[in-house]
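# Just to be clear, the model below is a prediction. Sequence and coordinates:
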Amino acid sequence: QAQLVESGGGLVQYGGSLRLSCAASGLTLQYFAVGWFRQAPGKEREVVSCISTSGGSTNYAGSVKGRFTVSRDNAKNTAYLQMNSLKTGGTAVYYCAAGMACSSWFWGYDWWGQGTPVTVSS
């Protein structure tokens, strides 16, 4: 059974950094684009970033561009989201998802992780 598992979330101070991981099992991640989404309390899920199958193409939401970096290690069947200079607006549950191509819409992905919470304290 295909499964994505996020890890690396937690409590971080304003301006700090976290690195999220998205490990796949039962799924060969190299054949899929990986998107990162987040959902803050009381808000809709929004796209944060996406990386293509080869890693040659990446996209970022304007709010995180220059601070977040998405990457992948297909040999480890894992994708990552490095988050630097975190702001309080970054408090949310972060999800990774796998799909045939990068998409800004959650329905563009076929597999989802359970999410990992990130809290940015001021």
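Structure's in. What do you need?

# For the most centrally placed residue in the chain, give me its contacts.
What sits nearest the mean C-alpha location of the chain, by CA atoms, centre = their mean, is Trp36, with 2.8 Å. For Trp36, the contact set (CB atoms under 8 Å, 6 or more residues apart in numbering) comprises 20, 22, 47-50, 70, 79, 81, 94-97. Yep, even glycine has a C-beta here, placed from its N, CA and C like the rest.

# just curious, which of the residues you listed is nearest to Ser121?
Sorting the contacts of Trp36 by distance to Ser121 puts Tyr94 at the head of the list, at 16.3 Å, by CB to CB.

# Settle this for me: that closest one is touching Ser7, isn't it.
No - with contact defined as CB atoms under 8 Å, Tyr94 and Ser7 do not form a contacting pair (10.4 Å).

# more neighbours, the two?
Per other CB atoms under 10 Å, whichever of Tyr94 and Ser7 has more neighbours is Tyr94, with 23 against 13.

# how about the strands of the chain, start to end?
Ranges of strands within the chain are 3-7, 10-13, 18-25, 33-39, 46-51, 58-60, 68-73, 78-83, 92-99, 111-112, 116-121, based on DSSP state E.

# among the ones you listed, which is the most enclosed?
strand 33-39 (a mean of 25; mean count of other CB atoms under 10 Å).

# thinking again about what came up before, include mean pLDDT when you put the strands of the chain into JSON lines, please.
Shown next, in JSON lines, are the strands of the chain (pLDDT from 0 to 100):
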{"stretch": "strand 3-7", "mean pLDDT": "98"}
{"stretch": "strand 10-13", "mean pLDDT": "97"}
{"stretch": "strand 18-25", "mean pLDDT": "98"}
{"stretch": "strand 33-39", "mean pLDDT": "98"}
{"stretch": "strand 46-51", "mean pLDDT": "97"}
{"stretch": "strand 58-60", "mean pLDDT": "97"}
{"stretch": "strand 68-73", "mean pLDDT": "97"}
{"stretch": "strand 78-83", "mean pLDDT": "98"}
{"stretch": "strand 92-99", "mean pLDDT": "98"}
{"stretch": "strand 111-112", "mean pLDDT": "97"}
{"stretch": "strand 116-121", "mean pLDDT": "98"}
